[in-house]
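A.B. asks: Got a sequence here, can you build the structure:
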Amino acid sequence: MTETQYATGTPHRSTTEQEALAAGVVAMVEHVLALAATWTAWDGHPRHTDDRVYTPHKAIRRVADHMVDHFAEFEARLAGEEPLPDHWHASACTTPADLARFTQEDLDEARSRLTRLALIWSVRLRSLSDWQLDHSPGEGWTFRQLAQHVQESAYYADAIGDLS
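C.D. replies: All right, here's what the predicted structure looks like:
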């Protein structure tokens, strides 16, 4: 065992590409939820990052929407269907709901929503062959690239940061 594996009690084993991609999506969600656990202390002032405005609710909404959008694309292409066109307002839009106080109940809901989405991604990614990851049907990024892109959803939570 390596020092890290010893510390966590994890035995050494090789990781498949699918497992690594799945673990990356799960780790992104865990990172988002760790930050979100501090957001009940939010002062109500939106955070400005790049050319956008972010709030705790908006960050959770964007992470979830991003995961849903790309998973719908993934599944449609896998089934040989055309993905639905993208009509999200995305982070360009801040809704009145985005400005609401972020409560413990909101955090509980975010945990339920995002951990389920991570599970769906994880199960699907682990079901694919190496060939399917890199030779994905239809137009657009490969499934490997989609999974890597979804991992970048942490950006939205990082825009709020740790508020503890």
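A.B. asks: Output stretch 54-63 as PDB, nothing but the C-alphas.
C.D. replies: What follows is stretch 54-63 as a C-alpha-only set of coordinates in PDB (Å, rounded to 0.1, in the frame of the first residue of the first chain):
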ATOM      1  CA  TYR A  54     -23.400  33.700  -8.500                       C
ATOM      2  CA  THR A  55     -25.400  32.800  -5.400                       C
ATOM      3  CA  PRO A  56     -25.500  29.500  -3.500                       C
ATOM      4  CA  HIS A  57     -28.900  28.500  -5.100                       C
ATOM      5  CA  LYS A  58     -27.600  29.400  -8.500                       C
ATOM      6  CA  ALA A  59     -24.400  27.400  -8.100                       C
ATOM      7  CA  ILE A  60     -26.400  24.300  -7.100                       C
ATOM      8  CA  ARG A  61     -28.900  24.900  -9.900                       C
ATOM      9  CA  ARG A  62     -26.100  25.200 -12.500                       C
ATOM     10  CA  VAL A  63     -24.200  22.100 -11.300                       C
END
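A.B. asks: tell me the mean pLDDT for it?
C.D. replies: Rounded to a whole number, the mean pLDDT of stretch 54-63 is 98.
A.B. asks: swap in stretch 121-133?
C.D. replies: 94.
A.B. asks: That one: how far from the chain's middle?
C.D. replies: With Cα atoms, centre = their mean, to the nearest Å as the basis, the distance from the averaged C-alpha position of stretch 121-133 to the chain average is 17 Å.
A.B. asks: what does stretch 34-45 give?
C.D. replies: Using Cα atoms, centre = their mean, the distance from the centre of stretch 34-45 to the centre of the chain it belongs to is 18 Å.
A.B. asks: Which residues does that stretch contact?
C.D. replies: Stretch 34-45 is contacted by residues 55-56, 59-60, 99, 101-104, 107, 110-111, 157-158, 160-164 when judged by Cβ atoms under 8 Å, 6 or more residues apart in numbering. From N, CA and C alone the C-beta is placed, and that goes for glycine too.
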